[in-house]
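Visitor: A predicted structure for the sequence below; I have some questions about it.
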Amino acid sequence: MEWWIVDGVLRAEPVSGAETVFGADGYGGWVLPGLVDAHCHVGLGEHGVLDNLDDCVAQAEVERDAGALLLRDAGSPIDTRALADRDDLPEIIRAGRHLARPKRYSRGFALELEDESKLPEAVAEQARFGDGWVKLVGDWIDREVGDLAPLWSDDVLKAAIDAAHAEGARVTAHVFSEDALPGLIKAGIDCIEHGTGLTDDTIDLMVEHGTALVPTLINIANFPGIADGAGKFPRYAQHMRDLHEKCPARIAAAREAGVPIYAGTDAGSMVAHGRIADEIDALKGIGMSPTEALGAASWAAREWLGRPALVDGAPADLVCFSEDPRLGAAVVKNPDAVILRGRVYT
């Protein structure tokens with residue numbers, strides 16, 4: 001195929017006098033819709049919350065240069081709406097602030113609710129503030145019990161998710177363990193992040209309810225280190241090690257059952273930005289073919305997020321390779337050209 005770009009938009013019909021920006025050697029290549037990181041955090045860094053937008057811009061630039069041109073920001077404590085005015089940065093679909101209970105998430109990351117009955121109101125507010133998504137913390141370590149535990153009761157979750165849907169927003173949740181999953185899925189949540197505690201029963205529930213999964217596999221690799229640092233919480237530490245060990249088989253079972261799975265790196269604090277190629281390779285480890293794994297980070301993810309791929313009239317957001325990107329991360333990490341809104345970056 002051949003594509004033309006006019007005023008930052010893809011066109012299928014030839015344009016006279018056009019300059020060839022990729023494939024000029026006559027051998028062509030591979031052109032994908034811009035890659036998607038469906039779980040990242042523009043505004044979180046290695047040392048916690050960023051305190052200025054310049055650092056947020058730098059993170060977005062790293063993603064752009066890696067070919068990730070659409071980012072679903074799964075919770076950020078800094079207001080990044082101003083980045084939407086930058087034509088040189090990826091589109092960011094913001095989920096607003098994480099919503100959690102006091103001392104039940106990373107310090108400073110979330111809006112913490114003393115009274116869980118306020119969750120529906122808080123969800124509606126974040127739905128209006130964000131770009132069609134809201135992020136809940138579904139479980140986290142409860143120091144009183146020394147292990148992962150759910151944050152919210154089932155009836156509150158149902159009211160909160162209904163409130164988001166009434167605002168036209170979808171809801172996702174951070175979930176590591178087993179116990180929080182049934183209540184979230186039965187309440188109508190749209191997506192689960194991580195999902196390391198999936199069981200046959202909750203996989204069946206996800207299929208029944210059409211719940212998507214973003215497993216953030218390269219971040220799950222950090223679980224043993226988290227366990228090593230758990231100190232006086234040996235029960236929690238062992239649980240994290242167990243979740244890490246069982247994760248590949250559980251995510252593979254979800255895929256086999258038909259749960260929609262999309263690529264997200266969890267870039268921000270424990271994972272560096274710009275690693276979508278590594279997540280694509282990790283998805284192959286749970287049974288995805290090279291083409292399926294690329295789709296989970298490109299055209300399939302774009303469809304899920306309501307953004308066009310390679311169609312006439314779509315924004316000219318493309319990533320171009322002279323070698324076949326199905327060969328793996330070594331190719332995907334080194335695109336020959338990244339085209340964002342018709343502007344070429346190399």
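Guide: Happy to help now that I have it. What you are looking at is a predicted structure, and each value in this text was computed from that prediction instead of being measured.
Visitor: can you count the residues close to Asp7?
Guide: For Asp7, the count of nearby residues is 8 (other Cβ atoms under 10 Å). For every residue, glycine as well, the C-beta is placed using N, CA and C.
Visitor: thought Pro150 was touching Gly138, still the case?
Guide: Yes. Between Gly138 and Pro150 there is a contact under Cβ atoms under 8 Å: 6.6 Å.
Visitor: next, show the common contact partners of those two.
Guide: Shared contacts of Gly138 and Pro150 (Cβ atoms under 8 Å, 6 or more residues apart in numbering): Ala180.
Visitor: buried ones in the longest helix seen in the chain?
Guide: Longest helix of the chain, by residue count under DSSP state H: helix 234-257. By neighbour count with 16 or more other Cβ atoms under 10 Å, helix 234-257 contains the buried residues 236-237, 239-241, 243-244, 247-248, 250-251, 253-255.
Visitor: closest to Gly23 out of the residues you listed?
Guide: Arg255 (33.6 Å; Cβ to Cβ).
Visitor: I figured the closest one hits Met288, correct?
Guide: Yes. Between Arg255 and Met288 there is a contact under Cβ under 8 Å: 6.8 Å.
Visitor: tally of neighbours for the residue nearest to Gly48 when sequence neighbours are not counted?
Guide: Taking Cβ to Cβ, 6 or more residues apart in numbering, and ignoring the residues beside it in sequence, Gly48 has Gly108 as its nearest neighbour in space, at 6.1 Å. Neighbours of Gly108 under the rule other Cβ under 10 Å: 10.
Visitor: what pLDDT is listed against Gly108?
Guide: Predicted confidence (pLDDT) for Gly108: 92.
Visitor: who touches it in this structure?
Guide: Here Gly108 is in contact with Gly48, Val49, Pro77 (criterion: Cβ under 8 Å, 6+ apart).
Visitor: what about the first one, distance to Gly274?
Guide: To Gly274, Gly48 is 19 Å away according to Cβ to Cβ, to the nearest Å.
Visitor: swap in the last one?
Guide: When Cβ to Cβ is applied, the distance between Pro77 and Gly274 equals 21 Å.
Visitor: ok, which stretches of the stretch 151-300 of the chain are strands?
Guide: 170-175, 191-194, 212-214 (DSSP state E, counting those that start in this stretch).
Visitor: straight-line length of stretch 304-318, end to end?
Guide: One end of stretch 304-318 to the other measures 18 Å (Cα to Cα, to the nearest Å).
Visitor: which other residues reach that stretch?
Guide: Applying Cβ under 8 Å, 6+ apart, the external contacts of stretch 304-318 come out as 3, 5, 8-13, 31-34, 36, 38, 69-70, 72, 91, 93, 132, 212, 260, 262, 298-299, 302-303, 337-342.
Visitor: narrow the residues you listed to those in helices?
Guide: Going by DSSP H, the helices hold Trp299, Arg302, Glu303 from these.
Visitor: buried among those? Need that as a selection in ChimeraX.
Guide: Selection of buried members from those for ChimeraX, criterion 16+ other Cβ under 10 Å:
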select :299,302
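Visitor: format the ones in helices among the contacts of stretch 304-318 as JSON lines; extra columns: distance to Gly328.
Guide: Listed next are those as JSON lines, based on distance: Cβ to Cβ, whole Å:
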{"residue": "Trp299", "distance to Gly328": "19"}
{"residue": "Arg302", "distance to Gly328": "22"}
{"residue": "Glu303", "distance to Gly328": "24"}
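Visitor: Glu63: which of the ones in helices among the contacts of stretch 304-318 is nearest?
Guide: Arg302 (15.1 Å).
Visitor: touching both of Arg255 and Met288, which residues are there?
Guide: Residues touching both Arg255 and Met288 by Cβ under 8 Å, 6+ apart: Ile261.
Visitor: quick one on the thing from earlier: if I look at the residue nearest to Gly48, how far off is Pro260?
Guide: Applying Cβ to Cβ to Gly108 and Pro260 gives a distance of 32 Å.
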